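Participant: build the 3D model from these lines:
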Amino acid sequence: GTFFNTPPKNENTAMPPPPAAGVVFPLDDQGKRSTTSINQGAFAAAAKAIDPKLAASVTEEKKWRGKYTKHIGAHVEAGLKTPEAAIKSAQAGLDYLHTTMQFVRGEKSMTLREAMKTLTPATSPFHTHVIKGARKPGASPLEVPYNGKLLSGDALEAQVEKWVRLGVIELSTGASIMQAAQNPGWRDLSDLHICMLGASSAMGPFPLLMNMGANVIAVDIDRAGIWEKLIKTAKEGCGTLILPTKEKLGANASDEEVAKVAGCNLLTETPEVYSWLASVRKERANKQLCVGAYAYLDADKFVMISCAMDAIIEKLIADTQFPKPALAYLCTPTDFHVCPATARDAAMDNLRKSPTWLSLIASLLSFSPKLALKRNARKLVTAEDGTQFAVVDALVKEQGPNYALAKRLQHWRAMTSREQGCVVSTNVAPSTATASVVSNRLFALAYKGFHYVKPAEVAQPELSNSVMTALLVNDLRSPTSIARPVADGGRPLRNPLELFR
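Facilitator: Model (predicted):
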């Protein structure tokens, strides 16, 4: 997960916005593209499907940007009442976004869903170029960079056991990491095709997938600098890079020539990107496909690009010519999640044992509504059948409702897709010191204080990449992974929202 940091606007020098193109928010009555009303409307639509009173509460909220977090929490808790409620609410939220968000091309504007139906070309306008790594595919050791060392084998196992013992990670997470480490055959990904929407993402697994021999279908913006790095990484690995180009290139084209014409725009060429992916899929029809949604943009654009990725994913799932694809997401830790009861108990115990100075600071901050701290361990949620769920409220209001909606959209798609028979890898990433996070002074300061609040740790990007890729490998390879749908031998969940535990 990443944060956004929007610089203050200078009203005297602000340039007029460029003409709308691609996936955008709809125009309101004032002729503006309001993000708040759509954000609020999406959660209202999701709530209305299962709880009209909750929907009314969302709709009537006058200070959405300041109070959206409590409504998201209520939305999750309402979904825990029954498994059907979670799915019904998720589908309603998705349908709202696909039929409300607009796609603009030239003078025409239509809903995103309509654009994917009417603007998707039968023949892809992009060509396909393939680059193979220099090394031979084969199982490589799982190596995790941590505190200046590269951990593998016994050293990695010892560190994972320590993280579990201290409460840095859950027992199930540690077991999944070690499964990926102890099964070398799982890490030879030469039989898998993994489509990365946002291949250059700082939190994405591209370099590691290239070192594990994966066939990566890379989608990213058409900027030569980005593609030069991706191509270099691919050539140094043992995988295969499959990329879109605007011109047909010969097999001997130089890296520079490829980078100049590589790439596409997820926001403005959404139907064409799907068309290209469909053509690649057809060429490799007997190959297992996994689609990962990794692209990130700041503020309202994160909702826009998340909708674009989801529109592509929705059509890939709906294509009955092929087996359903697996999906991959990175959940943010700063969200409202179902959690293990043991994790909730440990959090409450840590609070009771917190140092006196920390309790004193919390007491002093409580006098300021803006700075007051709150417990993130909520009361147990009781379902209609009496089942109890532990939840954690780790939402950070300062991230803003657009970030929260973009991540919630991914939750909605993950739940509905697993229900439809897709393998869905969606693990909660650790708090990570990515450039977009530490560029925000408030979050950078918070990270500097993490070590005072045990067992919290801030992960460097390289550590997060390694750990999250190990979890992805486990989800795609393990026959008992929680990512697998029940029809494929996966473990039944008490509620679909447990997918994000």
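Participant: where does the prediction get shaky in the stretch 1-150 of the chain?
Facilitator: 1-18, 139 (pLDDT under 70).
Participant: tell me where it has helices.
Facilitator: 36-48, 52-60, 64-79, 83-100, 112-118 (DSSP state H, counting those that start in this stretch).
Participant: can you tell me which of the ones you listed is nearest to residue 336?
Facilitator: helix 64-79 (4.8 Å; C-beta to C-beta). All C-beta spots, glycine's among them, are computed from the backbone N, C-alpha and C.
Participant: ok so, going back, with distance to residue 159 and mean neighbour count added, can I get the helices of the stretch 1-150 of the chain in JSON lines?
Facilitator: Output for those, formatted as JSON lines (distance: least, C-beta to C-beta, whole Å; neighbours: other C-beta atoms under 10 Å):
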{"stretch": "helix 36-48", "distance to residue 159": "40", "mean neighbour count": "22"}
{"stretch": "helix 52-60", "distance to residue 159": "43", "mean neighbour count": "15"}
{"stretch": "helix 64-79", "distance to residue 159": "32", "mean neighbour count": "19"}
{"stretch": "helix 83-100", "distance to residue 159": "35", "mean neighbour count": "21"}
{"stretch": "helix 112-118", "distance to residue 159": "44", "mean neighbour count": "18"}
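Participant: surely residue 270 and residue 311 touch.
Facilitator: Yes - counting by C-beta atoms under 8 Å, residue 270 does reach residue 311; the two are 5.7 Å apart.
Participant: who touches both of these two?
Facilitator: 23, 112, 115-116 (C-beta atoms under 8 Å, 6 or more residues apart in numbering).
Participant: now do the buried residues in the one helix or strand residue 227 maps to.
Facilitator: In this assignment (DSSP states H and E), residue 227 forms part of helix 224-236. Within helix 224-236, the residues scored as buried using 16 or more other C-beta atoms under 10 Å are 226-228, 230-231, 233-235.
Participant: could you measure from the residue of the chain most remote from its centre over to residue 455?
Facilitator: Relative to the centre of the chain, the most outlying C-alpha is that of residue 356, 37.3 Å out, by C-alpha atoms, centre = their mean. According to C-beta to C-beta, to the nearest Å, residue 356 stands 19 Å off from residue 455.
Participant: check residue 444 too.
Facilitator: 21 Å.
Participant: likewise for residue 428?
Facilitator: For residue 428, the distance to residue 455 - C-beta to C-beta - is 15 Å.
Participant: neighbour count for the two, which is higher?
Facilitator: Shown here are residue 428 and residue 455; by other C-beta atoms under 10 Å, residue 428 has more neighbours (21 against 14).
Participant: partners of that one in the sheet?
Facilitator: residue 331 (DSSP bridges).
Participant: next one: residue 217
Facilitator: As for beta bridges, residue 217 partners with residue 195, residue 242 under DSSP bridges.
Participant: so which of the helices of the stretch 1-150 of the chain gets nearest residue 487?
Facilitator: So among the helices of the stretch 1-150 of the chain, helix 83-100 is nearest, using C-beta to C-beta, at 14.9 Å.
Participant: return that closest one as CSV; C-alpha atoms alone will do.
Facilitator: Provided in CSV are the C-alpha atoms of helix 83-100 (Å, rounded to 0.1, in the frame of the first residue of the first chain):
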residue,chain,number,x,y,z
PRO,A,83,-21.4,-14.4,3.7
GLU,A,84,-24.1,-13.4,1.2
ALA,A,85,-24.2,-9.8,2.6
ALA,A,86,-20.4,-9.4,1.9
ILE,A,87,-20.7,-10.6,-1.7
LYS,A,88,-24.0,-8.7,-2.4
SER,A,89,-22.5,-5.5,-1.0
ALA,A,90,-19.2,-5.9,-3.0
GLN,A,91,-21.0,-6.5,-6.2
ALA,A,92,-23.2,-3.4,-5.7
GLY,A,93,-20.2,-1.3,-5.1
LEU,A,94,-18.5,-2.6,-8.2
ASP,A,95,-21.6,-2.1,-10.4
TYR,A,96,-22.0,1.5,-9.1
LEU,A,97,-18.4,2.4,-10.1
HIS,A,98,-18.6,0.7,-13.5
THR,A,99,-21.9,2.4,-14.4
THR,A,100,-21.0,5.8,-12.9
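Participant: could you check the angle that helix makes with helix 64-79?
Facilitator: 140 degrees (axes from the mean of the first three to the mean of the last three C-alpha atoms, to 10 degrees).
Participant: by contact count, what packs against helix 83-100?
Facilitator: Contacts defined by 3 or more C-beta pairs under 8 Å, 6 or more residues apart in numbering; DSSP states H and E place helix 83-100 against helix 36-48, helix 64-79, strand 108-111, helix 112-118, helix 300-318, helix 401-419.
Participant: nearest to residue 495, out of the helices of the stretch 1-150 of the chain?
Facilitator: Among those, helix 83-100 sits nearest to residue 495 (C-beta to C-beta), with 5.1 Å.
Participant: hmm, who's touching the closest one?
Facilitator: With C-beta under 8 Å, 6+ apart, helix 83-100 has contacts from 26, 38, 41-43, 45-50, 75, 78-80, 111-113, 307, 310-311, 314, 408-409, 411-413, 415-416, 419, 493-497.
Participant: quick one: residue 337 and residue 389 touch, right?
Facilitator: No - at 10.4 Å, residue 337 does not count as touching residue 389 under the criterion of C-beta under 8 Å.
Participant: just put the helices of the stretch 1-150 of the chain in a markdown table and tack on distance to residue 205.
Facilitator: Shown next, in a markdown table, are these (distance: least, C-beta to C-beta, whole Å):
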| stretch | distance to residue 205 |
| --- | --- |
| helix 36-48 | 29 |
| helix 52-60 | 35 |
| helix 64-79 | 27 |
| helix 83-100 | 25 |
| helix 112-118 | 27 |
